[in-house]
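*Asks:* here is my input, please return the structure:
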Amino acid sequence: MTEFLWRLPSRGDGRRARPELRHRGGFSDPAPTPATGIGGPRPADREPTDVRPGRFGPFDDLHQVIDAAELAGLDGVLAAYDPLGEESWIVAGGALRATRHTQVVVEFQPAFGTPVYAAKMSATLQRLSGGRLGWRLAVETDPEDGRSRGDRVTGDDRYTRAAEFLTVARGVWNSEPVPGAGFRGTGVEFAGEYFDVIDGGFRGVLSGLPFPEVHLTGTSAAALDLSARHGDVHLFTETPDGPVRALAALRARTAETGRTVRAGLELPIIARETEDEAWARAERQWREVCPDGPGARSLSLGDGRWTGFAALGHPQTIGLVGSYEQVARQLRAYAAAGFDTVVLTGHPHIEEVHRAGEHLLFLADPAARTLQEAAV
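*Replies:* Here you go, the predicted model:
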């Protein structure tokens, strides 16, 4: 079975290719006043589309995307780390509260706080959500982003710190219930380069909970080594040569550590009833950001893979464009190659989530997502 997640928007949403023209969620307009939700002066060429201002806030739109993902049958959502967007921990907490079955993966960088503090927050979220929280560590953040946060750790040292972070977090976590004993821990000791713990370990209501599933990314030797030693899922992105070689490198490292790490892909998609409809959508978006020069199809790599998604505001450069059947066929090919987790995204998010749920997922994973007649 392939696990499908949806990457949530972090800076508003909308139909337009240029992020500054996506007005859902209140990101492109002047900030609304807290009491009314009404923003300041709007551009002359834009009229408000909601004739009931003040009744809905930015999270209401995001809540609809989260709700759509659960209703559409996706297995989870990703609250991505975005230094210029919504705070991923707040989004993840809201998503857990708004859903009943959906896995919620929160992405954060290891300099966010101490691993003990992150683990304690997560233990509470696991209690309140029935164990549906996952972690994704943003290890390779932009150097300017790091400096703006006061983070001076760079290069492969970031992976050394991330390894310590996960070692400490797993160390203080007790999946089996441990009776409370005041401020006493369970004897966990750790003295590292970045973190130190004396008599750590959770007891009482913070114990007896599943540790969050750990998602990691990257293709460097340090990134693959971190996953081989500490990860549960390693996510790749498409490349012109395909992702299979990177997967083989991960498998070689996990063979050395003796651990099983699942592999996944992050893919923006444009899927429609027919191939021509999908490419027409891609062309409209492409011409908005590149009005001159070759058309969108000039960036096709074959097999529905298209290299123009970064220009449309996506974190990934390569994704899939085609009919539902064509995109599903490529997703099945990824699954056959060993990728059993896929993080999809597309905008506008609400509409694209419903398209994926209604027309795509059952084609991509028919054995797991098609009702079978019970044997009598």
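*Asks:* phi and psi next, for the residue nearest in space to the middle of the chain.
*Replies:* Centroid-nearest residue in the chain, with CA atoms, centre = their mean: Leu78, separated by 3.0 Å. When read as degrees, to the nearest 10, the backbone of Leu78 gives phi -110, psi 120.
*Asks:* same check on Asp157?
*Replies:* Dihedral angles phi and psi of Asp157 (degrees, to the nearest 10) take the values phi -60, psi -30.
*Asks:* also Glu283?
*Replies:* Backbone torsions of Glu283, given as degrees, to the nearest 10, read phi -70, psi -40.
*Asks:* cool, Glu351 as well?
*Replies:* phi -60, psi -40.
*Asks:* tell me the contacts of it?
*Replies:* Residues near Glu351 by CB atoms under 8 Å, 6 or more residues apart in numbering: none. Every residue, glycine included, has its C-beta placed from N, CA and C.
*Asks:* Thr102 and Ala95 touch, don't they?
*Replies:* Yes: between Thr102 and Ala95 there is a contact at 7.1 Å, judged by CB atoms under 8 Å.
*Asks:* any chance you could list residues touching both of the two?
*Replies:* Taking CB under 8 Å, 6+ apart as the contact rule, the neighbours common to Thr102 and Ala95 are 66, 77.
*Asks:* more neighbours: which of these two?
*Replies:* Comparing Thr102 with Ala95 by neighbour count (other CB atoms under 10 Å), the higher total belongs to Ala95, at 29 against 22.
*Asks:* just the helices in the protein please.
*Replies:* 58-71, 88-98, 115-129, 143-148, 157-172, 221-230, 244-257, 275-289, 324-337, 349-355, 361-364, 366-369 (DSSP state H).
*Asks:* what sits up against stretch 267-280?
*Replies:* The contact list for stretch 267-280 (CB under 8 Å, 6+ apart) reads 238, 281-282, 285, 296-297, 306, 309, 312, 314, 316, 318-324, 326-327, 342-346, 352, 355-356, 359-360.
*Asks:* end-to-end on that stretch?
*Replies:* 19 Å (CA to CA, to the nearest Å).
*Asks:* before we move on, the earlier item: with distance to Leu265 added, can I get the helices of the chain in JSON lines?
*Replies:* JSON lines is the format used below for the helices of the chain (distance: least, CB to CB, whole Å):
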{"stretch": "helix 58-71", "distance to Leu265": "18"}
{"stretch": "helix 88-98", "distance to Leu265": "20"}
{"stretch": "helix 115-129", "distance to Leu265": "25"}
{"stretch": "helix 143-148", "distance to Leu265": "24"}
{"stretch": "helix 157-172", "distance to Leu265": "21"}
{"stretch": "helix 221-230", "distance to Leu265": "14"}
{"stretch": "helix 244-257", "distance to Leu265": "9"}
{"stretch": "helix 275-289", "distance to Leu265": "19"}
{"stretch": "helix 324-337", "distance to Leu265": "6"}
{"stretch": "helix 349-355", "distance to Leu265": "17"}
{"stretch": "helix 361-364", "distance to Leu265": "12"}
{"stretch": "helix 366-369", "distance to Leu265": "17"}
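*Asks:* distance to Glu3 and mean pLDDT added to those helices, as CSV?
*Replies:* CSV is the format used below for the helices of the chain (distance: least, CB to CB, whole Å; pLDDT from 0 to 100):
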stretch, distance to Glu3, mean pLDDT
helix 58-71, 13, 90
helix 88-98, 16, 96
helix 115-129, 17, 97
helix 143-148, 29, 88
helix 157-172, 21, 97
helix 221-230, 17, 98
helix 244-257, 16, 97
helix 275-289, 24, 96
helix 324-337, 10, 98
helix 349-355, 16, 96
helix 361-364, 11, 96
helix 366-369, 9, 87
